[in-house]
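Undergrad: sequence? don't have it. structure:
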Ligand SMILES: [Zn+2]
């Protein structure tokens, strides 16, 4: 191959500052691909990549010759802070591989952007700066970011362009990779970027960051209306509030074609508009007792629609444990039946079900080895209804066409009435296949409960549109009720923790 030599790499972690450390083992278990294996995966069917690299490679392949230089990608999805030693080894490896790969024309980094490490609040900035240091000022460096990124100035400085997702639930990872490839071609043809960056002191509850409607949807729409002419990209990142990081806060990053003033003007206008709209970033959750009453009513009257309960506070997609039992216990207590729960993260319980085999009846001890006090143990009679290796290809929404791996998985029927999907790899439930691959028919149940904050919506909205979806107020490491969270490291003052604060867009926004 000829054409530009582009290094491909990725580091993805959304750090929950209150969750246990993300170890190298966790990164390697969840996603680790390198070299030719990485290249073959992103060019093949059912890729394990979240989508950015797939879109980037497909677009580059379609637009002319290039020489991909695949390094390594890894993701711990959402977890605690990355282990510092592991992170430093990863950066050192990237440095070595980039040095060996020179001369390069460009680097594409698939990042999440809300990572912390145990000794570094800005590992994304550290990684981007290391890449820049090795490749020098003239090699084009573009990174894609999750919409929940906690963007800091080093990340903007070290790159030519940042491109964040526009959708939540996230369904545009591939498209953003395509955008990154088009931008890479444009930059290689001579365009030089100018960047503006504003960090807003707003800590939004996670449930207020949907892009279909609400204040964040309006901000994203206004940003996209600014794109065109000199403006190449507008990325408004909602932040990941539970990171508990000095980089918390909504951010606006604008990339322009050579025109600093245009970038500055758009960034300032958008930031001022979001600040003026801050009162709309609210969480409205349903108490568990009310959820029980709603579910009892739905069970008693078949003419009422089936319901979906989102356990948003225990979303593994935000680093929570995925095994709080409060809603489940309340449903069992109330005698509710014909309801299915997914997921419950409980490795020993899944292993026991596999050991006992399909059809076995036993006393299930939920959370027998879980140490988080929010994940209460529960003892209940159970039957093993189905077993799987937890691996399937998603069919709707964020995971559509992508391989999902929950590890050894079991469908248990509890107290003869409620089914739960017990998994061995801690991940949220965003795809209906999580239920269906174990024989649960979502058209016949009266209700489901999912451990997910919002990504489930794109997977389940055909059967459970917004009007049938209830966000419950349970315990968990990602509760959007931010007044309850013992933040230590977020910048202060910060709205709404400091409701009387004032703020103005800073004079200097150019980066
Ligand atoms: Zn996200």
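TA: Perfect, thanks for sending it. This one's a predicted model, so the numbers in the text were calculated from it and none came from an experiment.
Undergrad: from here on, contacts and neighbour counts on C-alpha atoms
TA: Noted.
Undergrad: State the distance from the residue positioned nearest the centre of the chain to residue 384.
TA: Geometric centre of the chain, nearest residue: residue 317, 5.7 Å, by C-alpha atoms, centre = their mean. According to C-alpha to C-alpha, to the nearest Å, residue 317 stands 26 Å off from residue 384.
Undergrad: Equivalent analysis for residue 172, please.
TA: Taken as C-alpha to C-alpha, the span from residue 172 to residue 384 is 37 Å.
Undergrad: more neighbours, these two?
TA: residue 384 (22 against 19; other C-alpha atoms under 10 Å).
Undergrad: Make sure I have this right: the more buried one is in a strand.
TA: Yes. With DSSP: H, G, I helix; E, B strand; the rest coil as the criterion, residue 384 is part of a strand.
Undergrad: was I right about it contacting residue 355?
TA: No. In this structure residue 384 lies outside contact range of residue 355 using C-alpha atoms under 8 Å: 10.4 Å.
Undergrad: distance between the ends of stretch 314-332?
TA: In stretch 314-332, first residue to last residue: 19 Å (C-alpha to C-alpha).
Undergrad: And it, what's buried?
TA: 314-329, 331-332 (16 or more other C-alpha atoms under 10 Å).
Undergrad: And for stretch 183-191?
TA: 183-185, 187-188.
Undergrad: mind putting these in JSON lines, pLDDT and distance to residue 23 included?
TA: Output for those, formatted as JSON lines (pLDDT from 0 to 100; distance: C-alpha to C-alpha, whole Å):
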{"residue": "183", "pLDDT": "98", "distance to residue 23": "34"}
{"residue": "184", "pLDDT": "98", "distance to residue 23": "33"}
{"residue": "185", "pLDDT": "98", "distance to residue 23": "36"}
{"residue": "187", "pLDDT": "98", "distance to residue 23": "36"}
{"residue": "188", "pLDDT": "98", "distance to residue 23": "37"}
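Undergrad: for those residues, which one is nearest residue 35?
TA: residue 184 (20.9 Å; C-alpha to C-alpha).
Undergrad: what separates that closest one from residue 228, distance-wise?
TA: Distance of residue 184 to residue 228, given as C-alpha to C-alpha: 17 Å.
Undergrad: pLDDT below threshold where in the stretch 351-500 of the chain?
TA: Within the stretch 351-500 of the chain, no range satisfies pLDDT under 70.
Undergrad: residues touching residue 209, list them.
TA: Applying C-alpha atoms under 8 Å, 6 or more residues apart in numbering to residue 209 gives the contacts 168, 215-217, 238, 281.
Undergrad: Can you list which of those residues are found in helices?
TA: Counting by DSSP state H, the part of the contacts of residue 209 found in helices is 215-217.
Undergrad: export those to TSV and tack on pLDDT?
TA: Listed next are those as TSV, based on pLDDT from 0 to 100:
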residue	pLDDT
215	97
216	98
217	98
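Undergrad: need the residues you listed in TSV with distance to residue 160, can you?
TA: As requested, the ones in helices among the contacts of residue 209 are arranged in TSV below (distance: C-alpha to C-alpha, whole Å):
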residue	distance to residue 160
215	29
216	26
217	26
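Undergrad: which of the residues you listed tops the neighbour count?
TA: Busiest of the ones in helices among the contacts of residue 209 [other C-alpha under 10 Å] is residue 216, holding 25 neighbours.
Undergrad: surely that one meets residue 210?
TA: Yes. Distance between residue 216 and residue 210: 6.5 Å, which falls inside the contact criterion (C-alpha under 8 Å).
Undergrad: OK, contacts around residue 487?
TA: With the criterion set at C-alpha under 8 Å, 6+ apart, residue 487 makes contact with residue 244.
Undergrad: any idea how far residue 421 lies from residue 404?
TA: Distance, residue 421 to residue 404, using C-alpha to C-alpha: 14 Å.
Undergrad: which residues does residue 7 contact?
TA: So residue 7 contacts 68-71, 98, 101, 104, 106-108 (C-alpha under 8 Å, 6+ apart).
Undergrad: typo on my end, it should be residue 76
TA: Going by C-alpha under 8 Å, 6+ apart, residue 76 touches 12-14, 22, 26-28, 30-31.
Undergrad: Now list the buried members of those.
TA: 12-14, 22, 26-27, 30-31.
Undergrad: Save the residues you listed as CSV, and put in secondary structure and distance to residue 309 too.
TA: Formatted as CSV, the buried ones among the contacts of residue 76 follow (DSSP: H, G, I helix; E, B strand; the rest coil; distance: C-alpha to C-alpha, whole Å):
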residue, secondary structure, distance to residue 309
12, strand, 28
13, strand, 26
14, strand, 24
22, strand, 28
26, helix, 28
27, helix, 30
30, helix, 26
31, coil, 29
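Undergrad: and which of the residues you listed is nearest residue 246?
TA: residue 14 (14.5 Å).
Undergrad: So the closest one sits against residue 75, correct?
TA: No. Residue 14 lies out of contact with residue 75 (C-alpha under 8 Å); the separation is 9.1 Å.
Undergrad: Buried residues in stretch 264-279, which are they?
TA: Under 16+ other C-alpha under 10 Å, the buried positions of stretch 264-279 are 264, 266-268, 270-271, 274-275, 278.
Undergrad: Residue 157 in helix, strand or coil?
TA: On the basis of three-state DSSP, residue 157 is classed as helix.
Undergrad: What number of neighbouring residues does it come out with?
TA: Neighbours around residue 157, by other C-alpha under 10 Å: 19.
Undergrad: give the contact list for residue 505.
TA: 198, 268, 271-272.
Undergrad: how near is it to residue 239?
TA: 18 Å.
Undergrad: just residue 28 next, same as before
TA: 25 Å.
Undergrad: next one: residue 284
TA: 19 Å.
Undergrad: Between these two, point out the one with more neighbours.
TA: residue 239 (26 against 14).
Undergrad: If you tally nearby residues, what's the number for the closest residue to that one other than its chain neighbours?
TA: Nearest residue to residue 239 in three dimensions, chain neighbours excluded: residue 148, at 4.3 Å (C-alpha to C-alpha, 6 or more residues apart in numbering). When neighbours are defined as other C-alpha under 10 Å, residue 148 has 26 of them.
Undergrad: The stretch 151-300 of the chain: strands as residue ranges?
TA: Using DSSP state E, counting those that start in this stretch, the strands of the stretch 151-300 of the chain run over residues 161-164, 193-199, 231-237, 251-257, 286-287.
Undergrad: so can I have TSV of the ones you listed showing mean pLDDT and mean neighbour count?
TA: Converted to TSV, the strands of the stretch 151-300 of the chain look like this (pLDDT from 0 to 100; neighbours: other C-alpha atoms under 10 Å):
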stretch	mean pLDDT	mean neighbour count
strand 161-164	98	26
strand 193-199	98	25
strand 231-237	98	25
strand 251-257	98	28
strand 286-287	97	14
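Undergrad: and these as TSV, adding distance to residue 479?
TA: TSV is the format used below for the strands of the stretch 151-300 of the chain (distance: least, C-alpha to C-alpha, whole Å):
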stretch	distance to residue 479
strand 161-164	24
strand 193-199	23
strand 231-237	19
strand 251-257	21
strand 286-287	12
